[in-house]
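Q: Starting from these lines, generate the structure:
(chains A and B)
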Amino acid sequence: MGVVVGPRVIDAGMSLLSVLISPVPVAAGYPSPAQDYFDGRIDLNEHLIKDITSTYVVRVSGDSMQGAGISDGDELIVNRALEPKDGSVVIAVLDGELTIKRLRITATGVVLQAENPAYPDIRVPSVSDLVIWGVATRCLHHV
Amino acid sequence: MSKPATMRRMPLIAHVDVNCFYASAERSFDPSLEGKPVVVLSNNDGCAVTRSPEAKALGIPLGEPWFKLAPRAKEWGLVALSSNYELYGDISARVMELLGRYSAWLEVYSIDEAFLGVKGTPDELLALGRTMKTAVRRNVGVPVCVGIAATKTLAKLANKWAKNNPAFDGVCHWDSVAPADRESLMGRLSVIEIWGVATRLTKRLNVLGIHSILDLSRADPVMIRDRFSVVMMRTVLELQGTPCIPMEEERIGRDQLIFSRSFATSITTAAGMRQVLSVYGQQASARLAKHGLQAKVLTAFAGTSHFNPKDTSYPSVCVPLPMPTADPVLLTRAAHTLLPHISEGVRYARAGIMVTDLRPTGNQAPLALFENPHEERRVGTLLDDVTRRYGRGSIGLGHAGIRGGPDWTMKRDMLSPRYTTHWDELPLVKAA
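A: Residues are numbered from 1 along each chain as shown, chains lettered A, B, ... in the order given. Take a look at the predicted model:
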């Protein structure tokens, strides 16, 4: 017998595309042992994005976050639903621009830090004085 | 005497809509627009279809042609943007996905508004309204207002009130407002302000002594039915607090067409969802053709019920169509791109599609050469062969037709990046 693609579910109400397709062609009579273990390929969305509705991808322009491993041209995954905390890498609105900084919340106040000594810290009295656009969760660094 | 605690609370309706949607979607990714007068222009950069509050304050009327505004734009600091339908489609889908988490019953009414079924004490309802407002503002970045009432008509009215009166802070629960205040509001507003009353009918209402919304709410529904229509009678009943505007499955708006509904029985397979999306695709095609329209962007969405918080799933896709189209095959195929996001076994309570960036069907016969059926007939290859053999310009695709077609020459000089749907146009964040 020739090669078939199976298993098949025959149901008049189902469309052709509802037929289950296994990743490997199966010689009839000799099912591939690998087929039982196939559970779909790795889906990066599933692993990198917790809340797709609130998640955005942005691109970095500049080198002020170099120390955090975030370089010019890298993409960041940003979750806008997250509460920014001390240590979060945040996208803050500064002078009408989306700006990436490390958020530090201390007893003496709130600081937006660059991860590059060439750029000065920005101090504000409290988090409510800031507009935090989102919290970066992953950096897609170009290697 | 108070009612027994076991008495079932009647479900109410929350109407949620985004303030100045297009302008707000633009601001969400370009904070420099905050506080500036912004207008978003219609197709071909024709006229202002959305105005930010600052633009309204300048006295710019809705629908003002751009050529009239352009000479004064600089002096006003006015920012004009072309309609970025891919951005608006995606932002809309995100807003609806988020709202879907707060109710099992969600009716996407237009690109920027939805009705939700809600239950609870007045305090709970106000809290729910604020929660939704905060969540949409934070997670999607656009401001919404919420109106909650017994009927759709009153919920829309409550929302309008919430928008115009800062005291509500964006959330108005109709029944929590003192009756005298409600009557005073309804007495001040003309009947044309109410949802569902056509402007052309106001004169006829006025003849009957019905000028304000309050007058209409006190009219005899049967008399209204006899003199006007069942539609107008429903409006009267709704104003009196009796819900009678049913779930709609299809609407055509100013610049969008939506097909969506909640299912009587949950859909749990991609095959089932495929069928639903196919039906919507074909309905959308028929409806577009009927109105002589074509669409350029399609959004498809689905969602699980809020009452089943274990397996939640709110997938959506925003698909730019290869060309403006009303073709059922292209629309259905685009709707089917949602299918890979459908989790088998999860119980979907609703689904829908929305087509946007609508424009009139032009003289497009020559452009049909770009469609897939022709590609399958190898027209493209034939053209290449002829060109290679006989030189450039020896054969063409009805060139005059291309030049004359309205869609390929669409002017969008002030288009912002498609921030959320194109990898090359991601928002830039400054690291400096």
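
Q: Can you pull the residues of the stretch 1-150 of chain B lying near chain A?
A: Residues of the stretch 1-150 of chain B lying near chain A by C-beta under 8 Å from any C-beta of the partner chain: B:29, B:31-34, B:94, B:97-98, B:135, B:138-141. In short, each C-beta sits where N, CA and C put it, glycine included.

Q: B:Pro71: which of those is nearest?
A: B:Leu33 (21.1 Å; C-beta to C-beta).

Q: and the closest residue to the closest one other than its chain neighbours, how many neighbours?
A: Nearest non-adjacent residue to B:Leu33, counting by C-beta to C-beta, 6 or more residues apart in numbering or on different chains: B:Arg27, 4.6 Å away. Close neighbours of B:Arg27, defined as other C-beta atoms under 10 Å in any protein chain shown, add up to 21.

Q: ok so, going back, from the residues of the stretch 1-150 of chain B next to chain A, pick the one nearest A:Ala81.
A: B:Asn139 (4.6 Å).

Q: circling back: narrow the residues of the stretch 1-150 of chain B next to chain A to just the buried residues.
A: With neighbours counted by 16 or more other C-beta atoms under 10 Å in any protein chain shown, the residues of the stretch 1-150 of chain B next to chain A contain buried members at B:29, B:31, B:33, B:94, B:97-98, B:135, B:138-141.

Q: would you turn those residues into JSON lines with pLDDT?
A: Converted to JSON lines, these look like this (pLDDT from 0 to 100):
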{"residue": "B:Phe29", "pLDDT": "96"}
{"residue": "B:Pro31", "pLDDT": "95"}
{"residue": "B:Leu33", "pLDDT": "95"}
{"residue": "B:Arg94", "pLDDT": "94"}
{"residue": "B:Glu97", "pLDDT": "91"}
{"residue": "B:Leu98", "pLDDT": "93"}
{"residue": "B:Ala135", "pLDDT": "96"}
{"residue": "B:Arg138", "pLDDT": "95"}
{"residue": "B:Asn139", "pLDDT": "96"}
{"residue": "B:Val140", "pLDDT": "96"}
{"residue": "B:Gly141", "pLDDT": "95"}
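
Q: Give me the local confidence score for residue 35.
A: No chain specified, so I'll use chain A. The model reports A:Gln35 with a pLDDT of 63.

Q: nope, chain B please
A: As predicted, B:Gly35 sits at a pLDDT of 93.

Q: partners of A:Arg104 in the sheet?
A: Beta-bridge pairing for A:Arg104 (DSSP bridges): A:Val111.

Q: I figured it hits A:Lys85, correct?
A: No. Using C-beta atoms under 8 Å, A:Arg104 is not in contact with A:Lys85, being 10.2 Å away.

Q: Between the two, tell me which one has more neighbours.
A: Neighbours per residue (other C-beta under 10 Å) separate A:Arg104 from A:Lys85, with A:Arg104 holding more: 16 against 11.

Q: Next one: the more buried one from chain B, what distance?
A: For A:Arg104, the distance to chain B equals 17 Å [C-beta to the nearest C-beta, to the nearest Å].

Q: Show me which of the residues of the stretch 1-150 of chain B next to chain A is closest to B:Val279.
A: Using C-beta to C-beta, the residues of the stretch 1-150 of chain B next to chain A come closest to B:Val279 at B:Glu97, 21.5 Å.

Q: Surely the closest one is within a helix?
A: Yes. Applying DSSP: H, G, I helix; E, B strand; the rest coil, one finds B:Glu97 inside a helix.

Q: give the contact list for the residue lying closest to it once chain neighbours are set aside.
A: Nearest residue to B:Glu97, sequence neighbours excluded (C-beta to C-beta, 6+ apart): B:Tyr314, at 4.0 Å. Going by C-beta atoms under 8 Å, 6 or more residues apart in numbering or on different chains, B:Tyr314 touches A:53, B:97, B:100-101, B:301-304.
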